[in-house]
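Novice: Build me a model:
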Amino acid sequence: MRTLKSLIVLSALGLALAAPVGAQAAVEVIFTNSDKFIDASPRGYGRGKADPAILARLRQHLEKQGERYLKPGQTLKVEVLDLDLAGRVEWWHPSAYDIRFMRDIDPPAMKVRYTLVENGASLASSEEWVRDLSYLMNINAVHGTYDGLKYEKAMLTAWFRKRFAKFGESAG
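Specialist: Prediction:
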């Protein structure tokens, strides 16, 4: 029994070492001047109060999309220049000081500058606002599991698929 466990561990280690190093797709995310973002806090504090946990979760989501849509060897550099989370905290509701009210007029938005590179050549590069103006009708977000960033993640997934899936069509 002990020999079988050792064999399994050694096999897994061998597979891990056999994987090509540096051949994976990568997404590098930088948040520039996050203290000046429109709204990057769960409580809607506005400029100057970007929540590091929110930024980390958005970074992880973009990295996950890179694994899904980019080919090995491609690198996407995303610089987040501004962020406005979906909804608003309405401070005048004294018993709901930490609840975001979702209305049509407060869609999620993110200003990004990006460059997709493969083998040193730029495949795509731009600066744009990513928005989901109909976020309250987005079935992927509305019927998804609860996540405080479900509207932002659905918006980024749709944007990523639209912008980059064509460059990584052979990706798994």
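Novice: shaky segments in the protein?
Specialist: Across the chain, the ranges flagged by pLDDT under 70 are 1-23, 43-48, 91, 93-94, 96-98, 140-145, 170-172.
Novice: which residues of it fall in strands?
Specialist: 26-31, 74-84, 88-89, 100-101, 109-118, 121-131 (DSSP state E).
Novice: okay if I get those strands as a markdown table plus distance to residue 62 and mean neighbour count?
Specialist: From N, CA and C alone the C-beta is placed, and that goes for glycine too. A markdown table is the format used below for the strands of the chain (distance: least, Cβ to Cβ, whole Å; neighbours: other Cβ atoms under 10 Å):
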| stretch | distance to residue 62 | mean neighbour count |
| --- | --- | --- |
| strand 26-31 | 5 | 18 |
| strand 74-84 | 6 | 20 |
| strand 88-89 | 24 | 18 |
| strand 100-101 | 22 | 16 |
| strand 109-118 | 9 | 19 |
| strand 121-131 | 11 | 12 |
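Novice: so who does residue 164 touch?
Specialist: 65, 69, 70, 76, 116, 124 (Cβ atoms under 8 Å, 6 or more residues apart in numbering).
Novice: Please name the nearest non-neighbouring residue to residue 115.
Specialist: Nearest non-adjacent residue to residue 115, counting by Cβ to Cβ, 6 or more residues apart in numbering: residue 125, 4.4 Å away.
Novice: Residue 112 is in contact with that neighbour, correct?
Specialist: No: Residue 125 lies out of contact with residue 112 (Cβ atoms under 8 Å); the separation is 11.2 Å.
Novice: any idea what sits nearest residue 82, other than its immediate chain neighbours?
Specialist: Using Cβ to Cβ, 6+ apart, the nearest residue to residue 82 is residue 111, at 4.0 Å.
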